[in-house]
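Colleague: next one to model:
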Amino acid sequence: MKIVLVTFGCLFMVLAVLGVFLPLLPTTPFLLLASACFARSSDRLHNWLRNHGRFGRYLRDYEDGRGIPLRGKVLAMAMMWPSMFYSMYRVPFLSLKVMLFLVACGVTIYLLRLPTSRPLDE
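Modeller: Here you go, the predicted model:
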């Protein structure tokens, strides 16, 4: 099982890095999935990811219950809502439009309930 989790963790890490450069591919969910896989399979890889220069601070803050920076919350919602509205406009079925709206509302509520961590420049 450890080999499977390390393999998936590496795959999710690759997708997270690609998400930095590709606008429609989300970085954070793949980063969290990679961390979860590594936490259950390899202490060395999990510690490497938690101490990574680019991703480590966000991941440590989230995993330790300190939340995410305000800038991250604002950026996530500023990107999510326009893309959801565009998707709702393009989708022909009312049921899918409602589902997209409910997902966006759920993500917004989740983000607003997360603690806000201190700015990264401190």
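Colleague: residue nearest the centroid of the protein?
Modeller: residue 28 (2.2 Å; Cα atoms, centre = their mean).
Colleague: for that one, give its distance to residue 116.
Modeller: Per Cβ to Cβ, to the nearest Å, residue 28 is found 15 Å from residue 116. From N, CA and C alone the C-beta is placed, and that goes for glycine too.
Colleague: before we move on, what about residue 33?
Modeller: Distance, residue 33 to residue 116, by Cβ to Cβ: 23 Å.
Colleague: what does residue 19 give?
Modeller: The gap separating residue 19 from residue 116 is 22 Å, by Cβ to Cβ.
Colleague: residue 54 too?
Modeller: Here the criterion is Cβ to Cβ. By it, residue 54 lies 21 Å from residue 116.
Colleague: between those two, who's got more neighbours?
Modeller: Using other Cβ atoms under 10 Å, the more surrounded residue of residue 54 and residue 116 is residue 116, with 15 against 9.
Colleague: and the strands in this structure?
Modeller: 68-69, 116-117 (DSSP state E).
Colleague: what packs against the last one?
Modeller: Right, the one you point to is strand 116-117. Under the contact criterion of 3 or more Cβ pairs under 8 Å, 6 or more residues apart in numbering; DSSP states H and E, strand 116-117 touches strand 68-69.
Colleague: for the protein, give me the ranges with low pLDDT.
Modeller: 23-24, 119-122 (pLDDT under 70).
Colleague: the same query, at a cut-off of 90, please.
Modeller: 16-17, 19-32, 53-80, 83, 107, 110-111, 114, 116-122 (pLDDT under 90).
Colleague: hmm, residue 40 and residue 6 touching each other?
Modeller: No - using Cβ atoms under 8 Å, residue 6 is not in contact with residue 40; the gap is 9.6 Å.
Colleague: ok, those two, which is more surrounded?
Modeller: Set residue 6 next to residue 40 and count neighbours by other Cβ under 10 Å: residue 6 wins out with 16 against 13.
Colleague: contacting residues for the nearest residue to the more buried one once chain neighbours are set aside?
Modeller: Spatially, and ignoring its direct neighbours in sequence, residue 6 is nearest to residue 41 (5.0 Å; Cβ to Cβ, 6 or more residues apart in numbering). By Cβ atoms under 8 Å, 6 or more residues apart in numbering, the contact list for residue 41 reads 1-3, 5-6, 9.
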